[in-house]
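>>> build me a structure from this.
(chains A and B)
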Amino acid sequence: DGGITQSPKYLFRKEGQNVTLSCEQNLNHDAMYWYRQDPGQGLRLIYYSQIVNDFQKGDIAEGYSVSREKKESFPLTVTSAQKNPTAFYLCASSTPRASGNTIYFGEGSWLTVV
Amino acid sequence: AQTVTQSQPEMSVQEAETVTLSCTYDTSESDYYLFWYKQPPSRQMILVIRQEAYKQQNATENRFSVNFQKAAKSFSLKISDSQLGDAAMYFCAYRSARTTSGTYKYIFGTGTRLKVLA
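Numbers count the residues shown, from 1 in each chain, chains lettered A, B, ... in the order given. Presented below is the predicted three-dimensional model:
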């Protein structure tokens, strides 16, 4: 079945370490997104990408980096520069060509800094 | 910049009753989409309903319907015959017009936690 796969689901990181969250989609969607979810703050946009090798900063990009080397993949790296990285991270994708412009989500990844 | 506001952090409804969740948004665009998503304890985001701004008719999906007031920039969700399984966080979302990079931004509100009382 088509969908968005995020891994790992749970990740623990020591302070000062970079970690990478994986996001793969087989929906043939052009656009991909990364959101961060904290209690009481809803979903905040980190980065988004429309095409391979191109991406834009969202509202809270500081301390994060991404790449888009393949249409299907959009990994997110949480760097040591991110001051408060403990959160729930959601990857999403969409296409304006179908599905009523709906954005679809993966199951999310929990990152905890220890 | 567009913003989405959900002013009700938490709501409660008796099972089988009706509840309305509020959402307002701010935009200068004329072409956009609006959505309601449900997030149960599993944290999976589930599409509940969507509305195209150019359509005057309110969207309906079974027990879920919206009241879309374009001039007032209001997009409320009505849940009829509430069920225990409706208990979740509900997020209102706005899809912008195409950006200069050729993509669309989806902006979310802070959510409303709905409790269903048996």
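>>> what's the pLDDT at the nearest residue to residue A:18 once chain neighbours are set aside?
Computed as CB to CB, 6 or more residues apart in numbering or on different chains, the closest residue to residue A:18 that is not its neighbour in sequence is residue A:79, at 5.0 Å. In this view, the C-beta of every residue, glycine as well, is placed from N, C-alpha and C. Residue A:79 is assigned a pLDDT of 93 by the prediction.
>>> likewise the one 10 residues further on?
If you check residue A:89, the pLDDT there is 97.
>>> so it bridges to which residues?
The partner list for residue A:89 in beta bridges (DSSP bridges) reads residue A:36, residue A:109.
>>> and the residue nearest to residue A:18, how far from residue A:46?
From residue A:79 across to residue A:46, the span is 12 Å (CB to CB, to the nearest Å).
>>> who does residue A:4 bridge with?
In beta-bridge terms (that is, DSSP bridges), residue A:4 pairs with residue A:25.
>>> now do the same contact list for it.
By CB atoms under 8 Å, 6 or more residues apart in numbering or on different chains, residue A:4 lies in contact with A:23-25, A:27, A:91-93, A:104-106.
>>> and for residue A:55?
Here residue A:55 is in contact with A:47-49, A:66-68, A:74 (CB under 8 Å, 6+ apart).
>>> now it: how far from residue B:107?
Applying CB to CB, the value for residue A:55 to residue B:107 is 18 Å.
>>> what residues does chain B have near chain A?
Where proximity means CB under 8 Å from any CB of the partner chain, the interface of chain B facing chain A comprises B:6, B:9, B:33, B:35, B:42-45, B:47, B:50, B:52, B:91, B:93, B:95, B:99, B:101-111.
>>> so who does residue B:94 touch?
Residues counted as contacts of residue B:94 (CB under 8 Å, 6+ apart) are B:2, B:4, B:25, B:27, B:32-35, B:106-108.
>>> from chain A, how far out is it?
Residue B:94 sits 11 Å away from chain A, going by CB to the nearest CB, to the nearest Å.
>>> hey, what's that residue bridged with?
residue B:34, residue B:107.
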